[in-house]
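**Q** From the sequence below, what's the structure:
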Amino acid sequence: MSVELRPGLIHHPGFLDEAARMRLAGEVAAVLRASPPFTPRMPRTGKPFSVRMGNAGPLGWVSDEGGYRYQPTHPETGEPWPAIPPMALAAWDRLAGDAPPPEACLINLYGPQARMGLHQDRDEEDFTAPVLSLSLGAPALFRYGGLARSDPTRSVRLQPGDAVVIGGASRLAFHGIDRLYPEPGLLAQDLLPGLLPAGGRCNLTLRRVRPHHAVT
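**A** Numbering: from 1, shown residues only. Model prediction:
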């Protein structure tokens, strides 16, 4: 059963069952072995993020001293990004309404102590399509607010297999991850052995970057 956290911000608990998580984790592992994770850096300061990252799709999101941006190639290897995992595309088809296909799938890899500060997803050219988030691995405390950083925030715990749609009136809502809750009983397939530390979390966010009519 879905839960509307605020208008346009929809939580789908348990969207991916155990079998679906296994398949998605396998697809993500294939992407990351073909296109190795990298550590984004903050604009201007070059300070490294606490999460490592990969991308899939025609475009990938990167951050370094030059700023936040989407580009068609890996910042270290120069190679094109792999295709978006089929399970992630299937989730988009089910949850993103009539939005055009996603162009980017960010893959964030959280160690047990990693965090993601409050931020807006606003580097896209068009905000009419939602952002779709899929969770694997350790549960995490997801914090969300309004359209201004100073707006009050609330929190919900995301479990492996949960999906979150950030769209409509909440497309530019501030959100972040405050902490992880490593659990010893988690299935190994959710932990991406060799790619994610024990007790870590993998989060996929699918995004439409350009207006649909602008793509030829």
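
**Q** residues making contact with the lengthiest helix in the chain?
**A** Of all the segments of type helix in the chain, defined by DSSP state H, the longest one is helix 18-34. With contact meaning C-beta atoms under 8 Å, 6 or more residues apart in numbering, helix 18-34 is reached by 16, 54, 56, 82, 85-88, 107, 134, 136, 160-161, 187, 189-190, 192, 195, 202, 204. Every residue, glycine included, has its C-beta placed from N, CA and C.

**Q** Buried only: go through the residues you listed for me.
**A** Neighbour-count burial (16 or more other C-beta atoms under 10 Å) applied to those gives 16, 54, 56, 82, 85, 87-88, 107, 134, 136, 160-161, 189-190, 192, 195, 202, 204.

**Q** Can you tell me which of those residues end up in helices?
**A** Mapping these onto helices (DSSP H) picks out 87, 88.

**Q** Among the buried ones among the contacts of helix 18-34, which lie within strands?
**A** 54, 56, 107, 134, 136, 202, 204 (DSSP state E).

**Q** who are the neighbours in contact with the first one?
**A** Spelled out, that is residue 54. The neighbourhood of residue 54, defined by C-beta under 8 Å, 6+ apart, consists of 31, 32, 35, 36, 37, 38, 106, 107, 109.

**Q** please redo it, this time with the cut-off set to 7 Å
**A** For residue 54, the contacting residues are 31, 32, 35, 37, 107, by C-beta atoms under 7 Å, 6 or more residues apart in numbering.
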